[in-house]
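Visitor: One predicted model, sequence on top.
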There are 2 protein chains.
Amino acid sequence: MGASLKDVAQLAGVSVKTVSNVVNNRPHVTPAMRERVQRAVDALDYRPNLTARHLRKGRTGIIALAVPELGNPYFAELAGAVVDAAARFDYTVLLDHTAGRREQEVLVTQGFRAHVIDGLILSPIELETADLLGRRDDAPLVLLGEREYDAPYDQIAIDNVAAARTAVRHLTGLGRQRIAFLGARRELARQPAHLRLRGWREELTAAGLPHDDSLVAATDGYGRWDGAAAMNALLNQGAQPDAVFAYNDLMALGAMRALGERGLRVPQDVSVVGFDDIEDGRFGAVTLTTVSPDKQAIARLAVERVVARLTGDPQVEPERIQPGYRLVARESTAPPPA
Amino acid sequence: MGASLKDVAQLAGVSVKTVSNVVNNRPHVTPAMRERVQRAVDALDYRPNLTARHLRKGRTGIIALAVPELGNPYFAELAGAVVDAAARFDYTVLLDHTAGRREQEVLVTQGFRAHVIDGLILSPIELETADLLGRRDDAPLVLLGEREYDAPYDQIAIDNVAAARTAVRHLTGLGRQRIAFLGARRELARQPAHLRLRGWREELTAAGLPHDDSLVAATDGYGRWDGAAAMNALLNQGAQPDAVFAYNDLMALGAMRALGERGLRVPQDVSVVGFDDIEDGRFGAVTLTTVSPDKQAIARLAVERVVARLTGDPQVEPERIQPGYRLVARESTAPPPA
DNA sequence: CTGAAAGCGCTTACAG
DNA sequence: CTGAAAGCGCTTACAG
C-alpha cells in the first residue's frame, strides 16, 4: 500500500490540509512550507489516491467511449482521436464495444457503469429513440454518427445525405450511370445506412438517372467480408454496375476484391467510392476514393460537449452538430478512358 | 444525484448493512426482506457508487491497456480481444496510447494513474529494462510483445525468432534467394524488430544463403507509409529482391503498393510476407501471406495474468509465456511459375 | 440474521 | 495562512 496524505502530513509535521494544498498546487503556501512538504512527499513516494479524490468531488475524470467494433479502422482511428482530445481536458477514456447490438447499446446508455464514468460518447447502430427516452442515468451522453433520434441529446454527425450526394455526384460527373449502393440493411427497421442511401437516391434523381433497386445490395454487417459478399450477390443477380458507392471503406475494399476476382477492373470497368477515409484505402493496389469525415473535429466536438455538460449550464439545448467532410478522389475513380 | 444506500435503507426501514447484503447478493437474507429492499431499490432507481465501493475495497475493477497506436489494426484488434477477455473477469479496460515513445511508456509504467487502475497491460516499443527496474508502482504489470527485458515481470509474446524463421523458410521453400527485410530500426539502440531480424538472418544461414545487408531497410515507424518508403529506398539503391519479409502487415501492404507502382508484380516478381494477420491483408487485390499470432490467446493470457497477480500469491515467479502462431499462406506468396 | 459504527483517503467549509 | 473535523458512499468486523 502506498503512503496517504496523513502519512505525509505526519512526516512533514503539518496538517493534512497543508499537504493537500501543496499537492494540488494551491496558492498561499509559503515556499519554505511547500519545500518541506515536497520533501516528505518524495521521501514516501506519495501519490494521491484518485478514487478517494473522486469520491469526494463526485467526478472520476473518466469518459467512456462505446463503439460498435474496434476492429473497424474507422472506429479505431476515431478512438485514438478521442483519447487525444480527452487528454487535453485531463480526461481519460474507458473503452467499450457494443458489437452494434441493441442490448449492449442500451446497457451502456443506462449507466451500468454509473458513478465510474463522468460521461459517455456512444456511436450507436441499433439503438432506438425509445431506448433513449427511457434513459434514467444522468451522466452526459453524446451520440455519434448517422442514426437520427428524437431525444434530447447532443449528437455529432456529418451531413450524411449531402456527403452521400457528393460521392454520387462525383460518379455521375465521370459519366457513370449504373451506380450500385452497397450496405442497405436487410431488416428495414434498423437502417443505419438510411441517410447515405437517401443521398444516393436524391442525387441520382437530380442527375436525371433512375434509381434502380436491383443495384442496391443489403447486408447484415459492414466489414470487408460483407462488402465482398454484397458485390458478389449483385453480380450473381446479373446486375452490371459501372460504379459502386459503398456504405463505408471497408465494404468498398471488400467489393474491389470481389470485382478483381471476376476480372472487372477498377476504375476502368467499375468506379468505386467508399466512406470514412480509413488508412487502408490509401495503400491498396488501387487507392480508394472516399468521403472523408473530419475525425479530429468529431472527436474534439464530442469531448468538448461532454465536458461542457459536466461543467456548464445543463439547461443548454441539446444540439445536432455537423462537422465537415470532403471527398478525396483517388485511383478507384480515375476518369475512364474517353 | 442518485440515491445512496442510506436512502434505500431509510425507505425500506432497514439498516444499510441489510441493503448492502441484498445489493451484493449475499446469502442469509430472508426472501421477504430481500423483496422489501428490492422494492426500495427499484423505487429510488438506486445504483451502487462504484467509486466508493472501490475506495473501500482498494480495487477499481479497471485494467489499463497501453498500446503504441490504435490506428494500427493489430493493436485495435488486440484491444478488442482484451476488452472481451477482461469482461469475462468483470474488469473493464481503460485505453491509453503511448505513440511508442519511451517517455509515455515510462509514465504509464510508473503508475501516473495510481489507484485508479488495478493493473496494467503494456505493449512497449522503446521502454528499457532500466525503466522497469526503477518502477515503484505496485500494480501488476504484464508486458506484451517482442521486446526482451531483464526485469521481474510477466511477458506474453510469441516466439518471434521462430516465427520469423517460419516466414523466411516459406520464402526459401519457394525458391526465393534474395529476401529483403523491411523494418529494422535506424537507431540500433532501440530495436524492436531485433528478434524478427535475427530470425531472418538465422534462417537464411540455415538455408545456405548469404544475408545481404543491402537487403535490409531501416525505418522509424511501422505503418503503411513506412513500408512503402522502405521498399522504395531499397529499390532506389539498386537492390533486386525476389521476396520481402516485412516487420508487420502494415509495412508489407505499403511495400506491395510501392512494388506495384514500379510495375513489379506480387507474387510473380516478388513474394511478400507480413506479420500480424490483420484483416486488411485478407482483402487486398493480392491477399497477404502472414505470420498470424493467436491474438485471442495473447489477450486472454495477459488478462488472466493480471487477475492472477491481483488475487493470488504475489510470490509466483514472473513468467515469459509464448502463445501460438501460424503461417497463413495467401496470394502474395503463391508459387511462382516454374 | 440484523444494526450501529468505524474507516477507506481525500476535500472543504469552518475556526482560529 | 494553517489546523481540526466532517463527510463523500460504501464495506466490514463487531455486537447483539
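Guide: Perfect, thanks for sending it. Numbers count the residues shown, from 1 in each chain, chains lettered A, B, ... in the order given.

Visitor: any weak-confidence spans in the stretch 101-250 of chain A?
Guide: Across the stretch 101-250 of chain A, the stretches falling below the confidence threshold (pLDDT under 70) are A:112-114, A:188-191.

Visitor: where's A:Ile158 relative to B:Ala12, distance?
Guide: In this view, A:Ile158 and B:Ala12 are 49 Å apart by C-beta to C-beta, to the nearest Å. The C-beta positions use only the backbone N, C-alpha and C, and glycine is treated the same way.

Visitor: likewise A:Gln237?
Guide: 63 Å.

Visitor: what helix or strand is A:Leu94 on?
Guide: strand A:92-97 (DSSP states H and E).

Visitor: Next, the closest residue to A:Val108 other than its chain neighbours: phi, psi?
Guide: In space, and not counting its chain neighbours, A:Val108 is closest to A:Ala66: 4.6 Å by C-beta to C-beta, 6 or more residues apart in numbering or on different chains. The phi/psi pair for A:Ala66 (degrees, to the nearest 10) reads phi -110, psi 120.

Visitor: Pull the contacting residues for A:Ala66.
Guide: A:95-98, A:105, A:108, A:120-123 (C-beta atoms under 8 Å, 6 or more residues apart in numbering or on different chains).

Visitor: do the same with A:Leu141
Guide: A:109, A:119-122, A:135, A:153-154 are the contacts of A:Leu141 under C-beta under 8 Å, 6+ apart.

Visitor: Tell me how far it lies from chain B.
Guide: Counting by C-beta to the nearest C-beta, to the nearest Å, the separation of A:Leu141 from chain B is 15 Å.

Visitor: okay, now the residue of the stretch 201-338 of chain A found nearest DNA strand D: neighbour count?
Guide: Ranked by C-beta to the nearest atom of the strand, the top residue of the stretch 201-338 of chain A for proximity to DNA strand D is A:Leu310, at 16.5 Å. Using other C-beta atoms under 10 Å in any protein chain shown, A:Leu310 is surrounded by 16 other residues.

Visitor: SS state for it?
Guide: helix (DSSP: H, G, I helix; E, B strand; the rest coil).

Visitor: thinking it is in contact with A:Gly119, fair?
Guide: Yes. A:Leu310 is within contact range of A:Gly119, at 6.0 Å (criterion: C-beta atoms under 8 Å).

Visitor: Which neighbours do those two have in common?
Guide: In contact with both A:Leu310 and A:Gly119: A:Pro140, using C-beta under 8 Å, 6+ apart.

Visitor: Return the residues in contact with A:Ala180.
Guide: A:215-217, A:234, A:239, A:241, A:243-245.

Visitor: Let me fix that, I meant to ask about A:Ala86.
Guide: So A:Ala86 contacts A:63, A:92-93, A:303 (C-beta under 8 Å, 6+ apart).

Visitor: how about those residues, which pair is most distant?
Guide: With C-beta to C-beta as the measure, no two of the contacts of A:Ala86 lie farther apart than A:Thr92 and A:Val303, at 11.3 Å.

Visitor: returning to that earlier point: with neighbour count and distance to B:Ala164 as new columns, can the contacts of A:Ala180 be given to me in JSON lines?
Guide: Formatted as JSON lines, those follow (neighbours: other C-beta atoms under 10 Å in any protein chain shown; distance: C-beta to C-beta, whole Å):
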{"residue": "A:Leu215", "neighbour count": "22", "distance to B:Ala164": "46"}
{"residue": "A:Val216", "neighbour count": "19", "distance to B:Ala164": "46"}
{"residue": "A:Ala217", "neighbour count": "27", "distance to B:Ala164": "41"}
{"residue": "A:Leu234", "neighbour count": "22", "distance to B:Ala164": "41"}
{"residue": "A:Ala239", "neighbour count": "16", "distance to B:Ala164": "45"}
{"residue": "A:Pro241", "neighbour count": "27", "distance to B:Ala164": "43"}
{"residue": "A:Ala243", "neighbour count": "27", "distance to B:Ala164": "43"}
{"residue": "A:Val244", "neighbour count": "31", "distance to B:Ala164": "39"}
{"residue": "A:Phe245", "neighbour count": "32", "distance to B:Ala164": "41"}
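
Visitor: Which of those residues fall in helices?
Guide: A:Leu234 (DSSP state H).

Visitor: Go back to the contacts of A:Ala180 and keep what's next to chain B.
Guide: Filtering these for proximity to chain B by C-beta under 8 Å from any C-beta of the partner chain leaves nothing.

Visitor: List just the nearest of the contacts of A:Ala180 to DNA strand C.
Guide: Of the contacts of A:Ala180, the one sitting nearest to DNA strand C (C-beta to the nearest atom of the strand) turns out to be A:Phe245, at 52.9 Å.

Visitor: tell me the contacts of that closest one?
Guide: Contacts of A:Phe245 by C-beta under 8 Å, 6+ apart are A:164, A:167-168, A:171, A:179-182, A:196, A:200, A:273.

Visitor: how does it look with 7 Å?
Guide: By C-beta atoms under 7 Å, 6 or more residues apart in numbering or on different chains, A:Phe245 lies in contact with A:167-168, A:171, A:179, A:181, A:200, A:273.

Visitor: what sits opposite it in the beta ladder?
Guide: A:Phe181, A:Val273 (DSSP bridges).

Visitor: what's near enough to touch the closest residue to DNA strand D within the stretch 101-250 of chain A?
Guide: Proximity of the stretch 101-250 of chain A to DNA strand D (C-beta to the nearest atom of the strand) peaks at A:His115, 7.4 Å away. By C-beta under 7 Å, 6+ apart, the contact set of A:His115 is B:49-51.

Visitor: Dump these to JSON lines, plus distance to DNA strand C, pLDDT and neighbour count.
Guide: Conversion of those to JSON lines gives the following (distance: C-beta to the nearest atom of the strand, whole Å; pLDDT from 0 to 100; neighbours: other C-beta atoms under 10 Å in any protein chain shown):
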{"residue": "B:Asn49", "distance to DNA strand C": "11", "pLDDT": "83", "neighbour count": "18"}
{"residue": "B:Leu50", "distance to DNA strand C": "12", "pLDDT": "77", "neighbour count": "20"}
{"residue": "B:Thr51", "distance to DNA strand C": "9", "pLDDT": "80", "neighbour count": "25"}
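
Visitor: Out of these, which are close to chain A?
Guide: By C-beta under 7 Å from any C-beta of the partner chain, the members of these lying near chain A are B:49-51.

Visitor: Among those, name the ones in helices.
Guide: Reading helices off the ones next to chain A among the contacts of A:His115 with DSSP H, I get B:50-51.

Visitor: For B:Pro335, state which of the ones next to chain A among the contacts of A:His115 is nearest.
Guide: Looking across these and measuring by C-beta to C-beta, the closest to B:Pro335 is B:Leu50, at 57.4 Å.

Visitor: That closest one - nearest residue in space that isn't next to it in sequence?
Guide: Closest to B:Leu50 by C-beta to C-beta, 6+ apart is A:Val116, at 4.6 Å.

Visitor: Tell me how many other residues crowd the closest residue to DNA strand C within the stretch 151-300 of chain A.
Guide: Here the stretch 151-300 of chain A gets closest to DNA strand C at one residue, A:Asp154, 26.5 Å apart by C-beta to the nearest atom of the strand. If you count neighbours by other C-beta under 10 Å, A:Asp154 ends up with 23.
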